[in-house]
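In: What follows is a predicted protein model with its sequence.
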Amino acid sequence: MTNYADLFKAISSGLSFPAAIPLPPVKRPPRSGTKLFNEIRSGDDLPSRFLTGELATFNSSTDGWTATFADEILPSEVIVSANERTITIQESIGGQCTIHLFYPARGSWKDLAQPISTTTPGALIRALGSTLSGRFNVHLVPWEEVWPSVATIPDGFMFDLYLPVPVAKLMDLFQLHRRLAQENILPCTLSGQLRFHGSVVSFLEGKNGPEFEKVAELDVRNIFELGTPFFQQAQREVAPGGSAAWTLRRTHYVYHAFSHYRCLPYLLRELLKGGLIGAAPGSSWEEGFPHAPEYEAWVIPSPLMNFGWDNLARNVGENRRRLTLLPWEPEVALEASTGWISETHSKGLITDAEIASKKYLE
């Protein structure tokens, strides 16, 4: 049996593909509220943003106060109301209630403003999925509500995004991150990196056209689209039930982004503008990057890795015509969060990847 982990290391080191390339971080610190909930008298005492919206309205009365937060892209509404005893937080997306919480009015925003490990509401994933999956080539992974994930106040639950990217698009993605860092486009902080990875694509026989059932054509298509080597030539594999597929084990870069869910529609919009993600494929699609199912972005509540990327990827990767799988987690030599890697060095890593790609294509 082929040891793909060792083969991956051999390919990466032999052709000098950088294991990880940090991207410019996007910093969007919010205005934080500091007063106790029962001492708030105006919108200036509240955070500038909360969960999935910016501060939109504030009303006070002798009984307490109510504030609403809204977003210009996401169909969301957050209502925060307080009386002398309790504060109530209710979030809805697309008319679906996603969060309903209560806190003592003696507390403050400062008490809440820390990372926490909690359960991601399934309604949040379903609401975002119905809103975004119809517009972009993206899949929001179903999430069991008993599994913990990361959330912070004021920006709420966090996600990891994974998107296969060809070598020819690495600099476009780097430039996009730099623009996002310089311009006020995203509502939340975003970090990201490019990671040299591997994946498996199985083209189901009889459902993808004759060009996907020829070894040479599949191999050339992979090299042309991604600019990186494959582990082995395409092979015909037969399942126990008799169905067959032509399977390609390939290497490529994966864009790994980490942010809050409110940032997701903004990030996807910019990726779509830059030709780095496709529109929703529907019943038919244009083959190749970024439209085909094997270039679908996966969005997962953070942190998924504690629960086994292998199994979840196998369960959610199935498509009507083909199946995709990110089967292992290669070692990452550099992390985007280290901070000491300069932009010049990051560009140099991208150049190294392009040189390695051209060397492979020669």
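Out: Ah, there it is.

In: all helices of this protein, in order?
Out: 4-14, 109-112, 122-132, 170-182, 215-226, 264-273, 309-316, 343-361 (DSSP state H).

In: Low-confidence ranges, the stretch 151-300 of the chain, go.
Out: When residues are selected by pLDDT under 70, those of the stretch 151-300 of the chain lie in 282-283.

In: distance of the residue nearest to Arg321 when sequence neighbours are not counted from Arg195?
Out: Here the nearest residue to Arg321 in space, its sequence neighbours aside, is Lys207; by Cβ to Cβ, 6 or more residues apart in numbering that works out to 4.4 Å. From N, CA and C alone the C-beta is placed, and that goes for glycine too. From Lys207 across to Arg195, the span is 30 Å (Cβ to Cβ, to the nearest Å).

In: tell me, how many neighbours does the residue nearest to Phe231 when sequence neighbours are not counted end up with?
Out: Counting by Cβ to Cβ, 6+ apart, Arg249 is the residue found nearest to Phe231 once chain neighbours are left out, at 4.1 Å. Neighbourhood size, Arg249 [other Cβ atoms under 10 Å]: 22.

In: now Glu39
Out: Glu39 sits with 12 neighbouring residues when counted by other Cβ under 10 Å.

In: before we move on, what about Phe157?
Out: Using other Cβ under 10 Å, Phe157 is surrounded by 26 other residues.

In: Thr324 is in contact with Glu296, isn't it?
Out: Yes. Here Thr324 reaches Glu296: they are 7.0 Å apart, a contact under Cβ atoms under 8 Å.

In: domain parsing for this structure?
Out: Domain assignment of the chain by automatic domain parsing yields the ranges 4-29+121-361, 37-112.

In: follow-up on the earlier one: please say which of Lys207 and Arg195 ends up with more neighbours.
Out: Set Lys207 next to Arg195 and count neighbours by other Cβ under 10 Å: Arg195 wins out with 23 against 13.

In: Roughly how far does that one sit from Leu128?
Out: For Arg195, the distance to Leu128 - Cβ to Cβ - is 24 Å.

In: Please apply the same query to Val150.
Out: To Leu128, Val150 is 16 Å away according to Cβ to Cβ.

In: More neighbours: which of those two?
Out: Relative neighbour count places Leu128 above the other of Val150 and Leu128, with 26 against 18, counting by other Cβ under 10 Å.

In: Quick check: the gap between the more buried one and Ile300.
Out: For Leu128 relative to Ile300 (Cβ to Cβ), the value is 12 Å.

In: same thing with Arg49?
Out: Here the criterion is Cβ to Cβ. By it, Arg49 lies 23 Å from Ile300.

In: do the same with Ala151
Out: Between Ala151 and Ile300 the distance is 14 Å, computed by Cβ to Cβ.

In: repeat for Pro24
Out: 23 Å.

In: the more surrounded of these two?
Out: More neighbours sit around Ile300 than around the other of Pro24 and Ile300, counting by other Cβ under 10 Å; the figures are 24 against 20.

In: residue furthest from the geometric center of this protein?
Out: Centroid-distance maximum for the chain: Thr62 at 44.0 Å, with Cα atoms, centre = their mean.

In: Now the phi/psi pair for that one, please.
Out: Geometry field for Thr62 lists phi and psi as phi -70, psi -20, criterion degrees, to the nearest 10.

In: Then Asp155?
Out: Main-chain dihedrals, Asp155, degrees, to the nearest 10: phi -90, psi -10.

In: what sits against it?
Out: For Asp155, the contacting residues are 30, 49, 51, 188-189, 260, 262, by Cβ atoms under 8 Å, 6 or more residues apart in numbering.

In: taking these as a set, which two sit the farthest apart in space?
Out: For those, with distances taken as Cβ to Cβ, the pair at the greatest spread is Leu51 and Thr189 (14.7 Å).

In: Between those two, which is the more surrounded one?
Out: More neighbours sit around Leu51 than around the other of Leu51 and Thr189, counting by other Cβ under 10 Å; the figures are 27 against 17.

In: Let me see the contact set for Ile277.
Out: Contacts were defined as Cβ under 8 Å, 6+ apart; by that measure Ile277 touches 136-138, 163, 268, 271, 290, 295, 297.

In: Who's the closest spatial neighbour of Arg250, skipping the chain neighbours?
Out: In space, not counting the residues next to it along the chain, Arg250 is nearest to Phe230; the distance is 4.5 Å by Cβ to Cβ, 6+ apart.
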